[in-house]
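Q: my questions concern the predicted model and sequence given below.
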Amino acid sequence: MLPQDPERSLYQRIYDVVRHVPSGRVTTYGRVARIVGGISAQMVGFALAALPNRPDGADVPWQRVINAQGRVSPHGYGFGTVIQKELLEGEGIVFDAEGRVDLEQFGW
DNA sequence: CGGCTGACTCTGG
DNA sequence: TCCAGAGCCAGCC
């Protein structure tokens, strides 16, 4: 399997990986970073942060990407986090009392 | 072309 | 559980 097209920008490749996350499952920034290869977890976070600005991110299930602690990172003005949790619960993801997800169970 | 920005991870206390 | 510091790198003015 050839590596992803170098023509595509890094962001595009990250979105590609995120799009592969099935409904009802979540993955972490670090995990996506390793799949894409050669980038740090931060790059994934930045790529998702730019999603609203990029037409290529229209169909990217960004809500399925959380941090390594199984938590939803505080982003946006604080509202995006709530939305993300709602979306995940709608897909069957369960949060514990502390708002964490069991990656052992729901991790991709 | 220089500088700023950012939704992370890991380790240690 | 919370907090701080260091490493990380592409994209956008």
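A: All right, it came through fine. Residues are numbered from 1 along each chain as shown, chains lettered A, B, ... in the order given.

Q: ok, now which ones touch the residue of chain A found nearest DNA strand C?
A: The minimum distance from chain A to DNA strand C, using CB to the nearest atom of the strand, falls at A:Ser9 (3.3 Å). For the C-beta atoms, the positions are set from N, CA and C on the backbone; glycine is no exception. Residues in contact with A:Ser9, defined by CB atoms under 8 Å, 6 or more residues apart in numbering, are absent; none qualify.

Q: which helix is the longest one in chain A?
A: Identified as the longest helix of chain A according to DSSP state H is helix A:79-90.

Q: any idea how far the closest residue to A:Ser40 other than its chain neighbours is from A:Pro52?
A: Excluding the flanking residues, the one nearest A:Ser40 by CB to CB, 6 or more residues apart in numbering is A:Ala33, at 5.9 Å. If you measure A:Ala33 against A:Pro52 using CB to CB, to the nearest Å, the figure is 21 Å.

Q: which one of these two has more residues nearby?
A: The neighbour comparison of A:Ala33 against A:Pro52 (other CB atoms under 10 Å) goes to A:Ala33, with 20 against 11.

Q: list the residues that contact the more buried one.
A: Contact criterion CB under 8 Å, 6+ apart gives A:Ile39, A:Ser40, A:Ala41, A:Met43, A:Val44 as the residues in contact with A:Ala33.

Q: and those, which of them are in helices?
A: Counting by DSSP H, the part of these found in helices is A:Ala41, A:Met43, A:Val44.
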